[in-house]
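Asks: need coordinates for the following:
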Amino acid sequence: MFKRVLMLTAVVLVFSACQAQAAVIDSNWVGGDGGEWKQASNWDPNIVPDNDGNSFVVTIDSGSEDWVGVGLQQPRTIDQLDCYGNVWLEAWTSDWVLLTVENGLTNYGNLEIEDIEIDANVTNWGMLELCEAEIEADLYNLAGAVILAEGENDVDGDLENEGELIIIHASDLLCDSDLYNNGQINLYGGECGVDQTLDNDSTGVIRGFGVLYVEQLLQNQGEITAYGGSLALRTNSMTQQGTLSNTPVSSLQINSEQDVENCGTINVNAGGGVAFDCNLVNASGEADGIIKLLGGTLAARNITHSAGATLSGFGTITGDVFIDPNGLIQLTGPTNIVGDVEIDPNATLEISDGTTLVTGDCVCNNGTIRMVGGRIIIQGDFTNDNCNIIWQPGTYTNAADFNLDGLVNFEDFADFADTWLWESAWH
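Replies: Numbering: from 1, shown residues only. A predicted model of the protein is given here:
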């Protein structure tokens, strides 16, 4: 009986010891600015947070301090980390330091992470600055929050952005998995790289100049705009149902391994343009493609325009243009087409109030060239295969108004006859 009591007592003591060793300790930073993680006096209670039997839930709050700086010199593991106020978390070594947070890091204030590997899911509610940092899990930037990337930064998991993501000059943010953007990504001469899929949702905006690199698939339902310079976009394949555009004196350059179908809107503004280093199909279907030439340059290897889609405006088109049967392209004002043009049966090329210059050949196969107060000049060969050529007066000009007095009468005929007679070889 006595032995059994001793054994039971030993079991209870061992169990109690295990419970004591597995205690969860709420640890608060009291070290002020510029303190070392490894100093017990910088923590309340005075124990260095590092899971070794015990588990630590850590809070770093600047409180009344302007900033608090916490330096790491060796790897640490804790259960949870919450940051408030203005916090600077950095490595105090010549190399990166690993901080493992098993249940995640959450930032509620202004947090700067420098030269540290964070092995945790990171959730940002405030302002998060990444400076030569690595997130080895997922990164969540919530609505109203801001992430600023400076230097070279990497996210090993997914990145979900509902707030604002800023990548500054000569800096990059690389996502090794997928990036889901419902907020705004601003590039100021930096690079945003995605190894898998970039899903730019209907509320997502990508704007600026620099490099956007997507290894596999770019799905655009939102807005991608070149602003302040050249925005170079490189991807294997792209679905385009949103808006692509350039602001004046900026250019959007898209390099896709596969052809791009436009089922959204492309706005081509003056002083720059939108260029595809692939074939472009202005498609029709559930969502018809819309291309607006607003004085800029639209470029692609080949541009195929489908019936039901819209291509209108003025500017420059670089590449061979194919108008599918029953398709309609409406060019209003001076336009250059640097390439060939093919007009298929029942398709129409309409030129209004200006001259369209085609530097290559033009084949019109049972289609229509309609000139409404405008004119087409074909520098290459013109193949007229039952082409319907129509001249009409325009709203602002008439091709028969040779003396430009706003009237079409016998004075115009006299000017025409005089010029034609003097320049005719037989005269």
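Asks: can you classify the residue positioned nearest the centre of the chain by secondary structure?
Replies: A centroid search over the chain (Cα atoms, centre = their mean) returns I206, at 3.7 Å, as the residue closest to the centre. When classified by DSSP: H, G, I helix; E, B strand; the rest coil, I206 comes out as strand.
Asks: in stretch 345-356, what counts as buried?
Replies: Within stretch 345-356, the residues that qualify as buried are 346-356, counting by 16 or more other Cβ atoms under 10 Å. In this view, the C-beta of every residue, glycine as well, is placed from N, C-alpha and C.
Asks: and for stretch 300-315?
Replies: Of the residues in stretch 300-315, 300, 302-306, 309-315 count as buried by neighbour count, 16+ other Cβ under 10 Å.
Asks: do the same with stretch 216-229
Replies: Neighbour-count burial for stretch 216-229, counted by 16+ other Cβ under 10 Å, picks out 217-229.
Asks: just stretch 122-142 next, same as before
Replies: For stretch 122-142, a neighbour-count test (16+ other Cβ under 10 Å) marks 122-141 as buried.
Asks: only alpha carbons, please: show it as CSV.
Replies: Extracted in CSV, the C-alpha atoms of stretch 122-142 (Å, rounded to 0.1, in the frame of the first residue of the first chain):
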residue,chain,number,x,y,z
VAL,A,122,2.4,38.1,-40.9
THR,A,123,-0.7,40.2,-40.7
ASN,A,124,-0.5,44.0,-41.1
TRP,A,125,-3.2,46.4,-39.9
GLY,A,126,-0.9,49.5,-39.9
MET,A,127,2.3,50.5,-41.6
LEU,A,128,4.8,47.7,-42.2
GLU,A,129,8.3,48.6,-43.7
LEU,A,130,10.3,45.6,-45.1
CYS,A,131,14.0,46.3,-45.5
GLU,A,132,16.0,43.3,-46.6
ALA,A,133,13.5,41.1,-44.9
GLU,A,134,12.1,37.6,-45.6
ILE,A,135,8.7,36.3,-44.7
GLU,A,136,8.8,32.5,-44.8
ALA,A,137,5.0,32.0,-44.7
ASP,A,138,2.0,34.1,-45.9
LEU,A,139,1.8,37.9,-45.7
TYR,A,140,-1.6,39.6,-45.3
ASN,A,141,-2.0,43.4,-45.8
LEU,A,142,-5.4,44.4,-44.7
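Asks: show the average pLDDT along it.
Replies: If you average the pLDDT over stretch 122-142, you get 98.
Asks: and if you look at stretch 76-88?
Replies: Stretch 76-88 comes out with an average pLDDT of 98.
Asks: so how far does that stretch reach from one end to the other?
Replies: Criterion Cα to Cα, to the nearest Å; first-to-last residue distance in stretch 76-88 is 16 Å.
Asks: now stretch 54-69
Replies: Terminal residues of stretch 54-69 lie 25 Å apart, using Cα to Cα.
Asks: which residues are contacting it?
Replies: The contact list for stretch 54-69, computed with Cβ atoms under 8 Å, 6 or more residues apart in numbering, reads 21-29, 31-35, 47, 49-50, 70, 78-90, 109.
Asks: how far off centre is that stretch?
Replies: Chain-centre distance of stretch 54-69: 36 Å, with Cα atoms, centre = their mean, to the nearest Å.
Asks: over to stretch 40-54?
Replies: Chain-centre distance of stretch 40-54: 44 Å, with Cα atoms, centre = their mean.
Asks: may I see the buried residues of it?
Replies: Here stretch 40-54 shows 42-43, 48-50, 54 as buried, counting by 16+ other Cβ under 10 Å.
Asks: in JSON lines, list the residues you listed along with pLDDT, secondary structure and distance to V155.
Replies: Formatted as JSON lines, the buried residues of stretch 40-54 follow (pLDDT from 0 to 100; DSSP: H, G, I helix; E, B strand; the rest coil; distance: Cβ to Cβ, whole Å):
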{"residue": "N42", "pLDDT": "97", "secondary structure": "helix", "distance to V155": "29"}
{"residue": "W43", "pLDDT": "98", "secondary structure": "strand", "distance to V155": "29"}
{"residue": "V48", "pLDDT": "97", "secondary structure": "coil", "distance to V155": "28"}
{"residue": "P49", "pLDDT": "98", "secondary structure": "coil", "distance to V155": "24"}
{"residue": "D50", "pLDDT": "98", "secondary structure": "coil", "distance to V155": "25"}
{"residue": "N54", "pLDDT": "94", "secondary structure": "coil", "distance to V155": "30"}
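Asks: show me the buried residues of stretch 345-356 that map onto strands.
Replies: Residues of the buried residues of stretch 345-356 located in strands (DSSP state E): 348-352, 355-356.
Asks: which single one of the buried residues of stretch 40-54 is nearest to I337?
Replies: P49 (67.7 Å; Cβ to Cβ).
Asks: give the closest residue to that closest one in space, chain neighbours not counted.
Replies: F56 (3.8 Å; Cβ to Cβ, 6 or more residues apart in numbering).
Asks: name the element that neighbour belongs to?
Replies: Using DSSP states H and E, F56 maps to strand 55-61.
Asks: hang on, the earlier thing: give me the buried subset of the contacts of stretch 54-69.
Replies: 25, 27-29, 31, 35, 49-50, 70, 78-90, 109.
Asks: which of those residues fall within strands?
Replies: 25, 27-29, 35, 70, 78, 80-84, 86-90.
Asks: residues in contact with T332?
Replies: 312-314, 352-354.
Asks: and G373, what's its pLDDT?
Replies: According to the model, G373 scores 89 on pLDDT.
Asks: pLDDT value on the residue found closest to it once you drop the neighbours it is linked to in the chain, please?
Replies: In space, G373 comes closest to G394 once its chain neighbours are excluded; the distance is 1.8 Å by Cβ to Cβ, 6+ apart. Here the pLDDT value assigned to G394 is 73.
Asks: T247 versus G394, what's the distance?
Replies: Remark: distance between G394 and T247 (Cβ to Cβ, to the nearest Å) = 30 Å.
Asks: over to D277?
Replies: Per Cβ to Cβ, D277 is found 21 Å from T247.
Asks: and those two? Which one has more around it.
Replies: Applying other Cβ atoms under 10 Å to D277 and T247 shows that T247 carries more neighbours, namely 20 against 16.
Asks: residue contacts, that one?
Replies: By Cβ under 8 Å, 6+ apart, T247 lies in contact with 225-228, 269, 272.
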